[in-house]
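J.: Just to be clear, the model below is a prediction. Sequence and coordinates:
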Amino acid sequence: MEVVNVELGARRYPIYVGAGCLRELGTKLAETRCGAGVAVVTNSTVADLYLDRALASLRDAAFEPIAIQIPDGEEHKNLAWLAFVYDKLIDAGVERSGAVIALGGGVVGDLAGFAAATYLRGIPCVQVPTTLLAQVDSAIGGKTGINHVAGKNLIGAFAQPRFVLADVETLRTLPRRELIAGLAEVVKYGIILDPGLFALIENQLSAVQHLERDLLARIVRMCCTLKALVVGEDETESGYRAVLNFGHTIAHGLESLTEYKQYLHGEAVAIGMVAAARISRRLGFCPDADYQRIRKLLERCGLPTEVPADLRGEPLALALRSDKKARGGLINFVCLEAIGKTRFERLTCDEIVKHL
Ligand code: NAD
Ligand code: GLY
């Protein structure tokens with residue numbers, strides 16, 4: 001098991017990455033000196049696969065865990081299911097000395113993380129991510145929250161976990177489409193921050209797709225290191241952390257236009273990243289060769305790379321205009337100067353759409 005630290009002073013915390021490390025959950029939690037009454041929040045799918053293992057590890061370390069299950073699906077990342085989790089925590093008498101353990105993908109991680117951040121004015125949270133997206137992105141960095149009918153992630157808090165435990169073995173049961181969507185976020189780290197990681201995926205894509213254990217653990221660790229560096233520099237996204245939004249402006253536009261039904265998040269991000277690289281090339285920042293490498297790698301991953309013809313132009317511009325991150329009609333767009341080098345540009349929605 002390898003450790004990557006998120007350096008946030010008194011709130012510094014470790015990310016443990018390994019194959020089979022779920023069995024260490026109890027031991028690692030015991031090291032935080034947390035009380036015995038803890039709650040594992042998970043969903044029905046992940047519960048069938050990993051809940052027993054998580055509970056056994058906790059009991060072996062003298063914890064008295066309860067399990068709280070929500071249904072599977074983004075549509076349950078809402079106030080009603082958050083209230084359900086609060087009810088269960090209160091019924092079980094989980095105290096401030098206890099902890100909430102989020103066992104699952106980003107949906108469980110965001111909702112359970114927000115429950116922990118707000119229950120009894122905040123109790124410790126541990127993230128045990130079981131999707132590739134959650135292991136390399138959502139479990140790290142303390143963004144927690146739920147959706148509102150008016151939009152995604154509109155209610156939430158920054159609350160860092162006590163630790164993150166990413167067992168890459170859990171990725172073996174992940175549906176193929178979810179794995180490939182998560183790969184888009186892995187490629188993103190290479191594009192924005194690490195040409196070596198990008199080249200590693202180019203060269204070893206087939207081994208990654210076959211879930212070669214050591215390679216997978218190495219790649220997840222590399223991504224965690226990169227995210228930890230960004231979060232350590234700008235915890236609450238007052239500036240630099242927005243680099244992680246590369247490809248996300250267009251991705252969010254596409255997701256909202258298609259009512260979150262057509263694309264998994266990573267798939268929309270893949271399209272958004274190719275579009276952002278193309279815009280960067282058209283603006284004269286990014287060499288054609290880098291643009292082509294990005295497009296080819298994402299295609300080889302099996303990800304979509306083009307904005308569908310019927311959504312280009314005005315429909316997409318309209319969706320971008322209602323982006324919650326737009327300020328005075330301008331979007332702080334993450335452009336590319338080369339693989340591994342980004343720059344921020346304030347662009348209007350029309351400029352973005354025109355250069356697609
Ligand atoms: P998800 O949590 O819905 O998981 C995807 C699917 O995989 C679900 O059906 C889930 O039950 C299943 N699953 C999870 N682990 C499994 C496993 N090991 N084996 C088999 N099936 C498994 O989706 P996600 O992509 O992990 O996360 C998306 C969510 O993350 C969104 O709500 C998004 O807003 C959020 N997010 C948050 C951040 C952040 O910084 N907090 C960053 C990115 C995304
Ligand atoms: N997923 C982007 C962030 O954590 O800032």
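T.: Nice, I can see it. Bear in mind that the values here come from a model prediction, so they are computed numbers and not experimental data. Residues are numbered from 1 along each chain as shown. Ligands and ions are numbered 1, 2, ... in the order given.

J.: which parts of the chain sit against ligand 2?
T.: By CB under 6 Å from any ligand atom, the part of the chain that sits against ligand 2 consists of 137, 141, 143, 237, 241, 244. C-beta here means a position set from N, CA and C on the backbone, and glycine is covered the same way.

J.: Repeat the analysis, applying 5 Å as the threshold.
T.: Residues of the chain lying close to ligand 2 by CB under 5 Å from any ligand atom are 141, 143, 244.

J.: among those, which are in reach of ligand 1?
T.: Among those, the residues within reach of ligand 1 (CB under 5 Å from any ligand atom) are Lys143.

J.: wait, which of the residues of the chain next to ligand 2 is closest to Arg162?
T.: Gly141 (13.9 Å; CB to CB).

J.: Now the stretch 201-350 of the chain against ligand 2: closest residue?
T.: Leu244 (4.0 Å; CB to the nearest ligand atom).

J.: Tell me which residues touch that residue, please.
T.: Counting by CB atoms under 8 Å, 6 or more residues apart in numbering, Leu244 touches 137, 188, 192, 227, 230.

J.: Break down this structure into its strands, ranges please.
T.: Remark: strands assigned in the chain by DSSP state E are 2-6, 13-18, 38-43, 66-70, 99-104, 125-129, 143-148, 151-158, 163-167, 330-338, 341-348.

J.: so can I have a markdown table of those showing mean pLDDT?
T.: Shown next, in a markdown table, are those (pLDDT from 0 to 100):
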| stretch | mean pLDDT |
| --- | --- |
| strand 2-6 | 97 |
| strand 13-18 | 98 |
| strand 38-43 | 98 |
| strand 66-70 | 98 |
| strand 99-104 | 98 |
| strand 125-129 | 98 |
| strand 143-148 | 96 |
| strand 151-158 | 93 |
| strand 163-167 | 98 |
| strand 330-338 | 94 |
| strand 341-348 | 95 |
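
J.: Of the contacts of Leu244 - the most surrounded one?
T.: For those, counting by other CB atoms under 10 Å, the largest number of neighbours falls to Lys188: 29 neighbours.

J.: residues touching that residue, list them.
T.: Contacts of Lys188 by CB under 8 Å, 6+ apart are 244, 246-247, 269, 273.

J.: Show me which pair in the residues you listed is furthest apart.
T.: Maximum pairwise distance among the contacts of Lys188 (CB to CB): 11.9 Å, between Leu244 and Met273.

J.: Give me the subset of the contacts of Leu244 that also touch ligand 1.
T.: For ligand 1, the contacts drawn from the contacts of Leu244 by CB under 5 Å from any ligand atom are Asp137.

J.: what about the residue lying closest to Cys34 once chain neighbours are set aside, how many residues close to it?
T.: Distances taken as CB to CB, 6 or more residues apart in numbering place Ala99 nearest to Cys34, at 4.8 Å, with adjacent residues excluded. Around Ala99 there are 25 other residues, counting by other CB under 10 Å.

J.: tell me the contacts of Ala99?
T.: By CB under 8 Å, 6+ apart, Ala99 lies in contact with 29, 32, 34-35, 38-39, 116, 123-126, 162.

J.: Pick out the most distant pair among those residues.
T.: Maximum pairwise distance in the contacts of Ala99, criterion CB to CB, is 14.9 Å, between Thr32 and Ala39.

J.: Neighbour count: the two, which is higher?
T.: Set side by side, Thr32 and Ala39 give different neighbour counts by other CB under 10 Å, the larger being at Ala39 (24 against 12).

J.: Any idea what the more buried one is bridged to?
T.: Ile66, Val100 (DSSP bridges).

J.: Identify the residues contacting it.
T.: Taking CB under 8 Å, 6+ apart, one finds 65-68, 88-89, 92, 94, 98-101 in contact with Ala39.

J.: re the thing from before, may I ask which of the contacts of Ala99 has the most neighbours?
T.: Ala116 (30 neighbours).

J.: if you go through this protein in chain order, where are the helices?
T.: Secondary structure of the chain (DSSP state H): helices at 25-31, 44-46, 52-60, 79-92, 106-118, 132-133, 176-193, 195-209, 213-233, 248-257, 265-282, 288-301, 314-321, 349-354.

J.: Having no further points to raise, I will conclude here.
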